[in-house]
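S.K.: Pasting the sequence and the predicted coordinates here, then a few questions.
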Number of protein chains: 4
Amino acid sequence: MGMNEPLNRKLRMALVGGGQGSFIGRVHSIAACLDNRAVVTAGALSSNPERAKASAPDYGIDDARAYTSYQELLDAELKLPADERIDFVSIATPNHVHFEVAEAAVKAGFNVVCDKPMTYDLAQAEQLLETVKNSDVVFALSHNYTGYPMIRQAREMILSGELGEINAIRSQYIQGWLVEAMEHQESKQAAWRTDPSKSGAAGAFGDIATHAYNLGRYMTGLLPDQVSCHLKTFVDGRRLDDYGTAIITYENGALGTLTASQVTHGRENDFEIEIDGTKGSLKWRQENPNEMIVRHNGKPHQIYTRDPKAAHINAMGRAACRIPAGHPEAFFEAFANVYNAAFDDMAKRACGETFERRDSVYTNCYDGVEGMFFIQQCVASSQENAAWVPLRHDAARK
Amino acid sequence: MGMNEPLNRKLRMALVGGGQGSFIGRVHSIAACLDNRAVVTAGALSSNPERAKASAPDYGIDDARAYTSYQELLDAELKLPADERIDFVSIATPNHVHFEVAEAAVKAGFNVVCDKPMTYDLAQAEQLLETVKNSDVVFALSHNYTGYPMIRQAREMILSGELGEINAIRSQYIQGWLVEAMEHQESKQAAWRTDPSKSGAAGAFGDIATHAYNLGRYMTGLLPDQVSCHLKTFVDGRRLDDYGTAIITYENGALGTLTASQVTHGRENDFEIEIDGTKGSLKWRQENPNEMIVRHNGKPHQIYTRDPKAAHINAMGRAACRIPAGHPEAFFEAFANVYNAAFDDMAKRACGETFERRDSVYTNCYDGVEGMFFIQQCVASSQENAAWVPLRHDAARK
Amino acid sequence: MGMNEPLNRKLRMALVGGGQGSFIGRVHSIAACLDNRAVVTAGALSSNPERAKASAPDYGIDDARAYTSYQELLDAELKLPADERIDFVSIATPNHVHFEVAEAAVKAGFNVVCDKPMTYDLAQAEQLLETVKNSDVVFALSHNYTGYPMIRQAREMILSGELGEINAIRSQYIQGWLVEAMEHQESKQAAWRTDPSKSGAAGAFGDIATHAYNLGRYMTGLLPDQVSCHLKTFVDGRRLDDYGTAIITYENGALGTLTASQVTHGRENDFEIEIDGTKGSLKWRQENPNEMIVRHNGKPHQIYTRDPKAAHINAMGRAACRIPAGHPEAFFEAFANVYNAAFDDMAKRACGETFERRDSVYTNCYDGVEGMFFIQQCVASSQENAAWVPLRHDAARK
Amino acid sequence: MGMNEPLNRKLRMALVGGGQGSFIGRVHSIAACLDNRAVVTAGALSSNPERAKASAPDYGIDDARAYTSYQELLDAELKLPADERIDFVSIATPNHVHFEVAEAAVKAGFNVVCDKPMTYDLAQAEQLLETVKNSDVVFALSHNYTGYPMIRQAREMILSGELGEINAIRSQYIQGWLVEAMEHQESKQAAWRTDPSKSGAAGAFGDIATHAYNLGRYMTGLLPDQVSCHLKTFVDGRRLDDYGTAIITYENGALGTLTASQVTHGRENDFEIEIDGTKGSLKWRQENPNEMIVRHNGKPHQIYTRDPKAAHINAMGRAACRIPAGHPEAFFEAFANVYNAAFDDMAKRACGETFERRDSVYTNCYDGVEGMFFIQQCVASSQENAAWVPLRHDAARK
């Protein structure tokens, strides 16, 4: 907690997007500031200038730094003295805007934390990766579920071989909020998420299946081979998928199954993942995130809980905890863990130290390319009746 | 409970298979006799004559009717006076023996309760169906999970339209007991189940995926269109699949996903199914079978429990209950519910009444054909890299 | 399963009570016959002669042995040849009738399985214990929850010291069915249970708190010292308690807390018990009986399941299982386990062998005395504003 | 979120206690700042001056305002211009220090947020209440569990009569961390909590039973009548209770049962509460706080989740949510909800508006007096063998 070593001061954050009515903008600001390592200093909160200004007090942004466009923000901040200037830009806009903001911010030399999916399409993602590679900025992608302590715990367990060879990854990300045609009602969230010009080539698969795919990759490090995908649109008139399933083969022979739904009545944000290894299996569910069940044939099922003092909780798991066992941490805290890992590198950069860009603890620009490739290939497979298409992208981490 | 109306006496059961060391034979006898409607009267408990005799006392079978082969059993029973002769034969042998026993029993005029999968392959199943059609016997197939009160409840809810149009069926049947090569150890259960000459064309898919497929069909009545299946064998040297996933399209446009595993560490018999409709969704898990969760957007999740007095429990659900809410019923009781429904028809037959053979409450010979077709087509699809193959068989019920 | 060693035949059961509309009579007959070790042979199913006769076919009792009173039953059976005569009497009547039936059956030399609470009051219980002591019969009391595999498992774990010294027992037995004044409606079950002349001195405490007290005693073997009890009647006009709580001190210094309710909306038969020891704790819940959670500081929570093949399942746990892990067993099967343990002793007796009467695996006449003493002392304490009263009775087992 | 209406700026916080190694200090600062309504501005973080200084950067406190005692803090802040001066003091010290800090802060005119239990003993609490009454400050007590959305939901449901007349409150607060004599090891947390000179008259009952008692009061508004309490110390040499149970009678005839343990192996912070009313019951468990189960006889169990858009979530429940259903909120967010309600009143005060002091949404000084009275009377009862003692204090809210 507290200052950013070795920088020894808070980082200054600019938020793009997040105007009134936004869900994810507020999440970014709370997560970034949770551990007192950053302060929201500037913003371009809306493409509507009036809303941009009006939303600033919500974040404690001074009117002077409540900009009405991201371009203005970047220009103005660059003119400020280094010790006042923002350190990083968090992007919480609809998907189709991510690229231009991120590209400009990176080119301006600012670190970036971008919401997922990283861009509108793969071409943008690949271009952005090149831009980042040619820069020295820290670029984090907020696949927030990777920040849960139990996920970090599982990752270390699996990468260290505790579960043996991995045979299977089963994930389901099930929601219900789009079972009615919300996009024709008042819902701002529903409107852009079901609009191909804003959301990208996929609906449910872009919005949530990417999380599920990313989490399996993050937890296991398995490199994918091919995917066969079947997308469905169950709500009449909807222009993007609201349901789908993908079969993923991995290079080591493992099999992945992934189902995403936004049309399952009553389900909220019910994301679960189970991983089979030759020495053990584990299962985690986002809606009860402080627990993970670990199983071995012939032994009692073991419920691992977020217990920073327990011997079976490894270094990655422990580092992601703030408070003792039994005091639940949740969505914001996991999100903050992604930020914190990025802050570590931002502080290093600011002090001239090197940092790992590709295999970082936080999800990053490489993960973003993979995510966009996943979306593209799932859509392509689905358009050809679930044909097998390649899923291995050169930018894959590990 | 009690007598079989309008017959007014217990039914006499012969058990084929079930010798010492059998799991499923005992289950059949307990289930058949649970409600005092049948008594085990004769048996051909093992192909080993000594074991056949030695096992008889376990079932309370008189030595005189402890036969050493099913042929002997059928012959001898036919010679007994009608009021002593068995009423039905329960078949609890390994899969490859089902057909010949069932065929002979039906031809001898005995009702049959056969374990699943019904036969060794589809050809046998289709032939057996013809034999049954040409007879007047009652033929039940013990897809026992269809007997759980919550499943019966769900079926009536869905068939009556309470969930609206069905969009999706997700099922997972996850076990772990074959994660080690048990077939090379002492396990009799593992040995025949992984032997293609006894188990049939599929391993996990024949043993458990058939249950999952059948349950989805039973609960929804949706007719299948095509299947794309990917089977895996994770244990070295194993000759049949121990893991696999199938994507099923239904004629109404619904999508089914089904994963079966016998190699997930620590999982026992973890079969769960979730069904999405346009008006609601529901989910049930076999290991906690007295509950079912029903969900509607914007409403509290509803946990239906096995409560025969509650107004929301429908006639099918209620009829499957024996005792008040909170007193759990489980595996044997569900199995007995399948038997009881078959007994209803056996009693009708014995009294010269007609009965419904294709859309019966119990799973039957038509379901058996569908099950064998499912196995055949899944194997065929898998062999062609998960190609789409037809899944609609003329014998499908409904 | 099967025959009763060394007797080598089924035992013949007479059922007293259990006429049409009874819940517990059917449970007794199913449980007794589940494993093919007994057959219902005779009955005095109702005090109403017509109902007694009419109910007989439900149990497969021949009309000739469908008696119209327990006296007639005992007299008639005694006159039958020994190889036709019943072996034991199961008593499933309302509480106030238990004593006279049991006393007469024991004096007639028949083994008895009696529903709980054993008698109407303590004096009857003590007298019955004397009668049993002066006989050579097997006397079992159907505290059925003691038959669950996980309870047997826990008992052996605790008695062998696996949890260390026991510090605390917390139990809650929560139902809701009497939250309305059911006794003024149609409910036969409610009517006698809330009638002091039939149920005894206590309502909820006689009906369900006795189970909770007994289970704690059975699992831990701790001898009680004193009890302080507070009984409440929340439903207007009810004549017995429908809610209450008891604090129990044990001789070793442990503290017990026990709450029973019949007026908690929506609760079914929600009986849970948790036990704290210096080396570990465990918790079990009747409505999900195939699981038990075992906890140790600093270790993952361990879910023990009913897995007869697992190394951590001890001999008592394993002996109580019929089928593999993941195939749930439930209420009837637990009840049958109590019967089976009694059958073991009945077979021994019939063959002239000795058997343990006081520390038997099944709950027995000593437990019955303790249960009646518990009820009496709870009522006495409650009448004196929860004063401490002694709870240690000389007849306590162990 | 954001600014404090009608004040329109962030509030300035001073933290007393919370030096390195503290658990609750960090919780207070995160909770207070979570929604961007306050900023930690000053601190007296430790009684050890070096630690006080060294801990300041963790909270982003300037060295100039990192005081070495609370007296210095109050004096120095009073000398600052009003627009720089702190608005409130959060007290996160061990219990025995609460009083002097709070008393001084109130007298200096600063608002206070005090950790619970409010003081070392009842006399201090009563004196502090008088001091607060004679001031115009806002005084909040951080009974943080009252901030969970489901608790707020339940409170409104109950106070509006949705559950009918309340008959019973059952609560259990079960931990295991003190099952070993941690106080003789390295644990700072254990050391002061088991030291009567720092913790007060009770151990587990002061630390956690107060939460349970308070939550029942907060949710139901029932006024207590009497308590009978039995405290135990299971760990040798410990000077305070580590286990105990209390029976509470309420003025309306309801019965409360409350058990607290710090010696139950493996239990973390397992606080659950269930409330019975004549029209329904509900149950909530802190370790899975986004759910609450609501039950009505004859209806499915209803799982209410933290869903700010659902019609069955009332105004109080909705106001306590930040993000959509399925994205779990947890401990920090609940704690922040207590702060936010206090901030509402602090902003009113700063703008000269009146506010409700006794029946505030946040727990307050009146609750603090009740809590200390509860501890005192539980200890008194326990010392007289669980005698009934009065529990109604004049300062009780409602």
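M.R.: Yes, it's here.
S.K.: Would you mind giving the secondary structure of residue A:247?
M.R.: Classification of residue A:247 by DSSP: H, G, I helix; E, B strand; the rest coil places it in strand.
S.K.: Correct me if wrong: it contacts residue A:257.
M.R.: Yes. Contact criterion Cβ atoms under 8 Å: residue A:247 and residue A:257 qualify, at 5.9 Å. Quick note: C-beta positions are derived from backbone N, CA and C, even for glycine.
S.K.: Overlap in contacts, these two.
M.R.: Shared contacts of residue A:247 and residue A:257, defined by Cβ atoms under 8 Å, 6 or more residues apart in numbering or on different chains, comprise residue B:245.
S.K.: neighbouring contacts of the helix or strand of chain A with the lowest mean pLDDT?
M.R.: Averaged element by element with mean pLDDT, DSSP states H and E, chain A has its least confident helix or strand at helix A:188-193 (a mean of 78). Identification of contacts with helix A:188-193 by Cβ under 8 Å, 6+ apart yields A:21, A:23, A:94-95, A:177-178, A:182-183, A:198-199, A:203, A:207, A:240.
S.K.: at 6 Å what do you get?
M.R.: With Cβ atoms under 6 Å, 6 or more residues apart in numbering or on different chains as the test, helix A:188-193 has contacts from A:21, A:94, A:182, A:183, A:198, A:199, A:207.
S.K.: for stretch A:158-174, which positions count as buried?
M.R.: A:158, A:163, A:166, A:167, A:168, A:169, A:170, A:171, A:172, A:173, A:174 (16 or more other Cβ atoms under 10 Å in any protein chain shown).
S.K.: Filter these down to just the ones in strands.
M.R.: A:166, A:167, A:168, A:169, A:170, A:171, A:172, A:173, A:174 (DSSP state E).
S.K.: In TSV, list those along with pLDDT and distance to residue C:216.
M.R.: Listed next are these as TSV, based on pLDDT from 0 to 100; distance: Cβ to Cβ, whole Å:
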residue	pLDDT	distance to residue C:216
A:166	98	45
A:167	98	44
A:168	98	43
A:169	98	44
A:170	98	41
A:171	98	43
A:172	98	41
A:173	98	44
A:174	98	41
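S.K.: Might you report the residue contacts of the closest residue to chain D within the stretch 101-250 of chain A?
M.R.: Using Cβ to the nearest Cβ, residue A:175 is the residue of the stretch 101-250 of chain A that sits closest to chain D, at 7.1 Å. Under the criterion of Cβ under 6 Å, 6+ apart, the neighbours of residue A:175 are A:262, A:267.
S.K.: before we move on, the earlier item: among the contacts of helix A:188-193, which one has the most neighbours?
M.R.: residue A:207 (26 neighbours; other Cβ atoms under 10 Å in any protein chain shown).
S.K.: Quick check: nearest residue in space to that one, chain neighbours excluded?
M.R.: Closest residue in space to residue A:207, ignoring its immediate chain neighbours: residue A:193 at 5.7 Å, by Cβ to Cβ, 6 or more residues apart in numbering or on different chains.
S.K.: And the buried residues of stretch A:158-174, which is closest to residue A:75?
M.R.: Nearest to residue A:75, judged by Cβ to Cβ, of the buried residues of stretch A:158-174 is residue A:173 at 39.1 Å.
S.K.: From what I see, the closest one and residue A:210 are in contact.
M.R.: No. At 9.3 Å, residue A:173 does not count as touching residue A:210 under the criterion of Cβ atoms under 6 Å.
S.K.: next one: phi and psi at the residue nearest to the spatial centre of chain A?
M.R.: Chain A has residue A:143 as the residue nearest its centroid, 1.4 Å off, counting by Cα atoms, centre = their mean. Dihedral pair for residue A:143: phi -80, psi 80, per degrees, to the nearest 10.
S.K.: hang on, isn't it packed against residue A:214?
M.R.: Yes. With contacts counted by Cβ under 6 Å, residue A:143 reaches residue A:214, the gap being 4.8 Å.
S.K.: In which helix or strand does residue A:273 reside?
M.R.: Using DSSP states H and E, residue A:273 sits within strand A:270-277.
S.K.: circling back: of all the buried residues of stretch A:158-174, which two lie farthest apart?
M.R.: Distance extremes for those: the farthest pair is A:163 and A:174 at 24.5 Å, using Cβ to Cβ.
S.K.: now the helices for the stretch 201-350 of chain A?
M.R.: Ranges of helices within the stretch 201-350 of chain A are A:204, A:210-220, A:315-319, A:331-350, based on DSSP state H, counting those that start in this stretch.
S.K.: likewise the stretch 1-150 of chain A?
M.R.: So, for the stretch 1-150 of chain A - with DSSP H, counting those that start in this stretch - the helices run A:24-33, A:49-59, A:70-79, A:95-107, A:122-133, A:149-159.
S.K.: Give me the phi and psi for the nearest residue to the residue nearest to the centre of chain A once chain neighbours are set aside.
M.R.: Spatial nearest neighbour of residue A:143, chain neighbours left out: residue A:363 (4.0 Å); criterion: Cβ to Cβ, 6+ apart. As for residue A:363, its main-chain torsions (degrees, to the nearest 10) stand at phi -70, psi 150.
S.K.: Run a quick neighbour tally on residue A:363.
M.R.: Residues near residue A:363, counting by other Cβ under 10 Å, number 30.
S.K.: OK, contacts around it?
M.R.: Residue A:363 is in contact with A:141, A:143, A:146, counting by Cβ under 6 Å, 6+ apart.
S.K.: So what's the predicted local confidence for the residue of the stretch 51-200 of chain A found nearest chain C?
M.R.: Of all residues in the stretch 51-200 of chain A, residue A:153 sits closest to chain C, at 11.0 Å by Cβ to the nearest Cβ. What the model reports for residue A:153 is a pLDDT of 98.
S.K.: what sits against the nearest residue in space to it that is not next to it in sequence?
M.R.: Spatial nearest neighbour of residue A:153, chain neighbours left out: residue A:317 (3.1 Å); criterion: Cβ to Cβ, 6+ apart. Going by Cβ under 6 Å, 6+ apart, residue A:317 touches A:149, A:152, A:153.
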